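Undergrad: Next input, structure requested:
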Amino acid sequence: MLTLILGPMCSGKSLEIVQTFSKFKYAEKNFVILQPVANVRDKQLTSRQGISLPCVKIESLAELEKYSLLEYIGIDEIHMFEKSNIKEAREAVKPILKLLNKGRKFYISGLDLNYQGQLFNVIKALIELGPTEIMMKSSVCVCCQNMDATYSQILSNDGQPVTRGLSSISPDDGTFMYEPRCRRCFVFPK
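TA: Alright, predicted model coming up:
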């Protein structure tokens, strides 16, 4: 079972994982929640509503082998494991496929689109694994307040949209500001 929870910033992806894994905790299921070490925003899996669960930080998806005996594996901020091309991304998600073939159940959340409005390679590679379910989340657009924001706009410190020159993974460490935006308000690269 592979469930992908995708969408822009502030759309409830982490909350979905916290809610799901809270049930596993009370049902005494064996599980782990993982996050990339690149996620410096928090030390736990914390939703923007303030609800949290402990998680383990990992450098790469190759570390999944350590958790091969657990029934449920959650991965938050999967887009931070982005690779520069689809071939590398397919290679990076092989540990997930290996554990899926052993009957492990995954709940994976992250941004689906990068700051230029393009699908992350790691997301493409995960979709190619044939997810059982893909939950597409949306947020409230900060510009027009429509509830169909599906993009994450990166802004420079002066509030201007950044559309070029960044790596596909930009840390949520205060260097940039992030806003959920709808298709009408998102500034695409020219």
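Undergrad: need the contact list for the nearest residue in space to residue 116 that is not next to it in sequence.
TA: Nearest non-adjacent residue to residue 116, counting by Cβ to Cβ, 6 or more residues apart in numbering: residue 189, 5.1 Å away. For glycine as for every other residue, the C-beta is placed from the backbone atoms N, C-alpha and C. Neighbour list for residue 189: 116, 117, 163, 164 [criterion: Cβ atoms under 8 Å, 6 or more residues apart in numbering].
Undergrad: And what about residue 189, helix, strand or coil?
TA: Three states are possible here, and by DSSP: H, G, I helix; E, B strand; the rest coil the one that applies to residue 189 is coil.
Undergrad: What distance do you get for it to residue 151?
TA: Between residue 189 and residue 151 the distance is 12 Å, computed by Cβ to Cβ, to the nearest Å.
Undergrad: just residue 141 next, same as before
TA: 9 Å.
Undergrad: Give me the more crowded residue out of these two.
TA: Between residue 141 and residue 151, residue 151 has the larger neighbour count (other Cβ atoms under 10 Å), namely 26 against 23.
Undergrad: how about residue 33, secondary structure?
TA: Secondary structure, three-state DSSP: residue 33 is strand.
Undergrad: Give me the buried subset of the contacts of residue 189.
TA: Buried members of these, counted by 16 or more other Cβ atoms under 10 Å: 116, 117, 163.
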